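[1] Predicted model and sequence below, questions to follow.
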Amino acid sequence: MGIRNQANSLVVFTTCERPHLLKKNLKCIKGSLEELEAFDLVASIDGLTAPANKESLILAKELEVDCIVADESEGVGISKNRVVSLLPEYDFYFFIEDDVEVLDSDLFIKHIEAFKTTGIHHFSLHGPERLLHEQNSTETE
């Protein structure tokens, strides 16, 4: 799956100095996206000067996942901004940290549906059953 494969959604796996998590979770995310037509996947690696990030790049290439790589570590925020600035043509971006395991690809579809229903454009990753319930909640504990 190459970058911009007639997709309108991009899943970005962000990582820095944790190749063991990339090895554990990137393959699972890639597998969950294979059943979804309109999704591309890219790994964003923050800083090639860190030896562990060189290992992450090798692992991502072995999984045939395209990468956006910073020369120096600049932080996750800048890493995410780099992806959006280099790949601005997507309608939806999903930033998945390297320590997050995606158990169900419906998660991506449910977030898009929630956006279309509510107009809310930014969600934190949590169970799909909570996506619309929190909007109407006025209770405090």
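    That came in fine, so what should we check first?
[2] Show which residues not belonging to the top helix by length along the chain make contact with it.
    If you go by DSSP state H, the chain has its longest helix at helix 19-33. Contact with helix 19-33 is made by 1, 11, 13, 15, 39, 41, 43, 52-53, 55-56, 59-60, 63, 65, 96, 98-102, 104-105, 108, as judged by C-beta atoms under 8 Å, 6 or more residues apart in numbering. The way it works is simple: take the backbone N, C-alpha and C, and place the C-beta from them, glycine included.
[3] Run through the helices of the protein in chain order.
    So, for the chain - with DSSP H - the helices run 19-33, 51-62, 76-86, 106-118.
[4] can you put these in JSON lines and add mean pLDDT and distance to F92?
    Converted to JSON lines, those look like this (pLDDT from 0 to 100; distance: least, C-beta to C-beta, whole Å):
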{"stretch": "helix 19-33", "mean pLDDT": "94", "distance to F92": "13"}
{"stretch": "helix 51-62", "mean pLDDT": "96", "distance to F92": "22"}
{"stretch": "helix 76-86", "mean pLDDT": "93", "distance to F92": "11"}
{"stretch": "helix 106-118", "mean pLDDT": "87", "distance to F92": "6"}
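[5] Let me have the ones you listed in TSV, extended by mean neighbour count.
    Converted to TSV, those look like this (neighbours: other C-beta atoms under 10 Å):
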stretch	mean neighbour count
helix 19-33	18
helix 51-62	17
helix 76-86	14
helix 106-118	15
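[6] so which of those gets nearest A70?
    helix 76-86 (6.3 Å; C-beta to C-beta).
[7] and the angle from the longest helix of the chain to helix 106-118?
    Comparing the axes of helix 19-33 and helix 106-118 via axes from the mean of the first three to the mean of the last three C-alpha atoms, to 10 degrees yields an angle of 70 degrees.
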